[in-house]
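K.L.:
Any chance you could fold what I've pasted below:
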Amino acid sequence: MRPERRALTALVAAALLGLGAGAAPADDTEATPEAVTPAPGQADLWEAIDPVFQRQLEQRLDTLGFSKAIRNKTLGVAVVDITDIGSPRAAAVNGDVMIYAASLPKIAILLAAFERIEDGELELTAENESLLHQMIQRSSNRAATAMMERVGKEYIAEVLRSDEYRLYDATRNGGLWAGKDYGKAGLWRRDPLHNLSHGATAMQVARFYYMLESGDLVDEEASRKMKSLMADSAIHHKFVKALDRIDPAAEIFRKSGSWQQWHADSAIVERGGRRYVAVGLCEDAQGGRWLERIFHVMDALVMESPDRRFARGPDADQ
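P.N.:
Numbers count the residues shown, from 1 in each chain. Got it, this is the predicted structure:
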């Protein structure tokens with residue numbers, strides 16, 4: 001375990017042990033974030049919000065009829081153009097609203113597993129790699145539960161809340177949380193702010209993918225391996241279904257989630273020489289269809305926008 005992570009273990013455990021697991025869910029309202037200085041390697045995508053990009057996203061979602069869902073905070077969306085990885089361009093609606101995300105937080109288990117591997121506390125055996133493959137590409141609940149047991153639920157929370165990542169951050173109204181096995185039993189701890197067993201905010205999920213693409217999740221080698229496990233999703237719906245209609249030759253690295261009326265999807269998309277992160281979280285019986293329609297909006301925003309690699313002029317890198 002890294003020294004800074006070891007120092008946090010006792011603090012995280014003590015804080016979480018004092019939280020009740022059976023209380024009624026809290027309202028998922030946005031908190032007013034305090035100023036936070038990003039840790040080395042940490043992406044601050046809030047600083048990358050582009051006013052024009054933001055206005056276009058809001059207008060197009062309004063045109064599609066999502067105004068009520070946005071007001072009710074049952075829809076969270078984030079899109080980040082990472083074609084120029086050093087100069088991301090972001091937009092979000094309810095980006096800091098935490099929503100139940102079903103299987104999407106399995107990406108937190110993936111990250112924590114590779115942290116364990118980096119620390120020499122877990123081996124990437126054929127069996128463990130198979131479990132990770134099934135957990136991400138097929139969204140196997142059995143595999144996710146097995147990996148949670150091997151990695152440790154407390155350790156997953158520790159990684160998410162660490163200064164290194166801050167993927168769950170009280171100053172940003174939460175973020176990624178995986179506090180329950182993916183089975184009928186196994187609740188460990190609901191998230192501290194909103195009492196959710198499996199939750200996410202669109203912006204924190206977008207940060208996960210941005211750091212993944214930047215090679216900042218564990219290290220470059222681990223980031224590449226994690227990304228490879230997110231390719232070739234075996235579940236053809238939501239973002240994958242929408243992208244196939246737009247450009248069947250495009251590549252997508254994703255993790256989705258569905259349970260009852262809650263629907264989530266998240267991905268890195270590579271097509272036409274462009275790269276972007278797309279995230280959608282919603283609560284509605286038609287949420288799967290919502291995310292297909294919203295994906296078209298996010299894709300169009302990126303593909304129609306100027307490519308920043310060429311907009312800065314020929315001497316930009318000198």
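
K.L.:
Can you dump the C-alpha atoms of the longest helix anywhere in the chain in CSV for me?
P.N.:
Using DSSP state H to define each element, the chain has its longest helix at helix 287-304. In CSV, the C-alpha atoms belonging to helix 287-304 read as follows (Å, rounded to 0.1, in the frame of the first residue of the first chain):
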residue,chain,number,x,y,z
GLY,A,287,-34.0,5.8,-18.9
GLY,A,288,-32.4,3.5,-21.3
ARG,A,289,-34.0,5.2,-24.2
TRP,A,290,-33.2,8.6,-22.6
LEU,A,291,-29.5,7.7,-22.7
GLU,A,292,-29.6,6.7,-26.3
ARG,A,293,-31.0,10.1,-27.3
ILE,A,294,-28.7,12.0,-25.0
PHE,A,295,-25.7,10.2,-26.4
HIS,A,296,-26.5,11.6,-29.9
VAL,A,297,-26.4,15.1,-28.4
MET,A,298,-23.0,14.5,-26.7
ASP,A,299,-21.5,13.0,-29.8
ALA,A,300,-22.7,15.8,-32.0
LEU,A,301,-21.4,18.5,-29.6
VAL,A,302,-17.9,17.0,-29.8
MET,A,303,-17.8,16.1,-33.5
GLU,A,304,-19.2,19.6,-34.6
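
K.L.:
residues making contact with it?
P.N.:
Defining contact as CB atoms under 8 Å, 6 or more residues apart in numbering, one finds that helix 287-304 is touched by 53, 56-57, 60-61, 64, 66, 69, 75, 77, 79, 81, 83, 91, 237-239, 241-243, 246, 258, 261-265, 269, 271-272, 274, 276, 278, 280, 282, 284. To be clear about C-beta, it is placed using only N, CA and C from the backbone, and glycine gets the same treatment.

K.L.:
Surely residue 175 is in contact with residue 98?
P.N.:
Yes: taking contacts as CB atoms under 8 Å, residue 175 lies within contact range of residue 98: 7.3 Å.

K.L.:
Now do the shared contacts for these two.
P.N.:
Joint contacts of residue 175 and residue 98 (CB under 8 Å, 6+ apart) are 200-201.

K.L.:
Comparing those two, which residue is more hemmed in?
P.N.:
residue 98 (31 against 28; other CB atoms under 10 Å).

K.L.:
Excluding chain neighbours, what is closest to the more buried one?
P.N.:
residue 174 (4.2 Å; CB to CB, 6 or more residues apart in numbering).

K.L.:
which ones are touching the one you found?
P.N.:
Applying CB under 8 Å, 6+ apart, the residues near residue 174 are 96, 98, 168, 191-194, 199, 201, 204.

K.L.:
rerun at 7 Å
P.N.:
98, 168, 191, 193-194, 199, 201 (CB atoms under 7 Å, 6 or more residues apart in numbering).

K.L.:
ok, what's across the strand from it?
P.N.:
Beta bridges link residue 174 to residue 169, judged by DSSP bridges.

K.L.:
which strand residues sit across from residue 89 in the sheet?
P.N.:
Bridge pairing for residue 89 - DSSP bridges - gives residue 81.
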